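Q: using only what follows, build the 3D model:
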Amino acid sequence: MRAPNFWYQRTGVAARLLTPLAALYAFGTARRLRREPKYRSSIPVICVGNINAGGTGKTPTVIALAQYLQGTGSNPHIVSRGYGGNLEGPLKVDERRHSAKDVGDEPLLLSSFATTWIARDRSLGVAMAEKAGANVILLDDGHQNPDIPKDLSIVVVDARRGFGNGHVIPAGPLREPVQSGLDRTDLVALIGTEQERQQFLSETQLHKATPILQGELIPLATGMPWAGMRVLAFAGIGHPEKFFETLRRLGAEVIRGVALTDHQALSDGLLKRLEREAKLRVAQLVTTEKDAARLPPSFRQKVITLPVRLQFSDKTPLKEALSENITSKQRRN
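A: This is a model prediction of the structure:
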């Protein structure tokens, strides 16, 4: 589902009309959060989640954290629900054996960076990762899931879009009211350009005691000569237009940007239409890493992938949060 425009408008009739349903949604989330945990892990659990419904930069944040933890000598395992996949788990993702249809596109991508597990019941996935030798868990999503107690809760925020109109689904983009979500947050990861981050901080009141980790998604230097390249770009991520803007900033000539819905299946018919249009307009097909994970092997050589990585402007808030919430538990084990 593509987010409706009124979710990101300050006022609107649609949001007001949907307020009663939003109240019911918020009540359901609050009620779920009162459930007792299913499993308490003996190793640290870092939850990377969001208050908005998708499109905040959660997956790049998980990748960046996995790489940072590996650099400190830790053995992080990622546990995901496996959204979009057919398999329930718990199972370890194997990119040689599984496809995005099996485990979901995000877990398939994440498995390239760290051992990744999918489990509809996240408590079972955490238990499996623990037995397999992990010494820290990265819980992909789950800020609104009480099944696993968290040692460190990180909420990812898209600085450009912020919290939208401030309303809960379906009146707005929020999974729960902002304040209730932030009350359970140890660290906010604010992602965007420096200008976007500064504007967000000037317009949004966050709790003064909540540390903020700031970062920006930067395209990897792959040696690809983007300047002047005619491209037909397609993306099924939270906010596809950001991907198209990145290509333009690199100097590519975006002949057309095809905005798909988040996790949209790449059917044979869709891919054939994209290939036909690209040939007709003498353009190169380009997509994101997450979308590339859903491409059939026979089509991947026809598409260039633009990878991006999250770069933190200052890692001090992360180091302090890990030291305060994670290191002591690891030492006890």
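Q: how about the most centrally placed residue in the chain: what's its closest non-neighbour residue?
A: Residue closest to the mean C-alpha point of the chain, counted by CA atoms, centre = their mean, is Lys58 at 2.5 Å. By the measure of CB to CB, 6 or more residues apart in numbering, the closest residue to Lys58 outside its immediate chain neighbours is Val156, 4.8 Å from it. Placement of C-beta: from N, CA and C, glycine included.
Q: can you give me the helices in the stretch 151-300 of the chain?
A: Using DSSP state H, counting those that start in this stretch, the helices assigned to the stretch 151-300 of the chain run over residues 178-183, 194-203, 240-249, 268-280, 289-292, 297-300.
Q: correct me, but Leu152 touches Pro44?
A: Yes. Contact between Leu152 and Pro44 holds when scored by CB atoms under 8 Å: they sit 7.1 Å apart.
Q: got any residues that touch both of those two?
A: The contact sets of Leu152 and Pro44 overlap at Asn325, Ile326 (CB atoms under 8 Å, 6 or more residues apart in numbering).
Q: still on that earlier bit, per-residue confidence for the residue nearest to the centre of the chain?
A: Confidence at Lys58, expressed as pLDDT, is 92.
Q: where does it fall, phi/psi-wise?
A: Torsion angles at Lys58 (phi, psi; degrees, to the nearest 10) stand at phi -60, psi -40.
Q: what sits against it?
A: Shown here is Lys58, whose contacts under the criterion CB under 8 Å, 6+ apart are Val48, Gly49, Asn50, Asp140, Asp141, Val156.
Q: state the distance from the nearest residue to the third one once chain neighbours are set aside to Gly238.
A: Counting by CB to CB, 6+ apart, Asn50 lies nearest to Thr56, which is 4.5 Å off, once chain neighbours are set aside. Taking CB to CB, to the nearest Å as the measure, Thr56 falls 7 Å from Gly238.
Q: what touches both of the two?
A: When contacts are counted by CB under 8 Å, 6+ apart, Thr56 and Gly238 have Asp158 as shared neighbours.
Q: surely Ile46 touches Leu138?
A: Yes. Using CB under 8 Å, Ile46 is in contact with Leu138, at 5.4 Å.
Q: rewinding a little: quick check: which of the helices of the stretch 151-300 of the chain is nearest to Tyr68?
A: When the helices of the stretch 151-300 of the chain are ranked by distance to Tyr68, counting by CB to CB, first place goes to helix 289-292 at 18.6 Å.
Q: picking that back up, please identify which of the contacts of Lys58 is nearest to Gly164.
A: After measuring the contacts of Lys58 against Gly164 - CB to CB - the closest member comes out as Asn50, at 11.8 Å.
Q: what is the burial count for Ser112?
A: 12 (other CB atoms under 10 Å).
Q: helix, strand or coil for it?
A: Secondary structure state of Ser112, per DSSP: H, G, I helix; E, B strand; the rest coil, is coil.
Q: what is the neighbour count of the residue nearest to Asn50?
A: Other residues close to Thr56 by other CB under 10 Å number 25.
Q: now Leu152
A: Neighbouring residues of Leu152 were enumerated by other CB under 10 Å; the total is 23.
Q: quick check, pLDDT for Arg331.
A: In this prediction Arg331 is given a pLDDT of 53.
Q: just the strands from the chain, written as ranges.
A: Counting by DSSP state E, residue ranges of the strands within the chain are 45-49, 76-80, 91-92, 116-118, 136-140, 152-158, 187-191, 212-219, 230-235, 253-259, 284-288, 303-306, 308-312.
Q: OK, contacts around Val48?
A: Contacts were defined as CB under 8 Å, 6+ apart; by that measure Val48 touches Lys58, Thr61, Val62, Leu65, Leu138, Leu139, Asp140, Asp141, Ile154, Val156, Ala189.
Q: what sits opposite it in the beta ladder?
A: For Val48, the residues forming beta bridges with it (DSSP bridges) are Asp140, Ile154.
Q: gap between it and Arg184?
A: 13 Å.
Q: repeat for Val308
A: Note on Val308: its distance to Arg184, by CB to CB, is 28 Å.
Q: any regions of the protein where pLDDT drops low?
A: Counting by pLDDT under 70, the chain has low-confidence residues at 1-2, 207-208, 327-333.
Q: buried residues in stretch 160-172?
A: For stretch 160-172, the neighbour count (16 or more other CB atoms under 10 Å) marks 160-172 as buried.
Q: tell me the contacts of the residue lying closest to Glu203 once chain neighbours are set aside?
A: Leaving aside its chain neighbours, Glu203 sits nearest to Gly162 (7.3 Å; criterion: CB to CB, 6+ apart). Under the criterion of CB under 8 Å, 6+ apart, the contact partners of Gly162 comprise Phe200, Glu203, Thr204.
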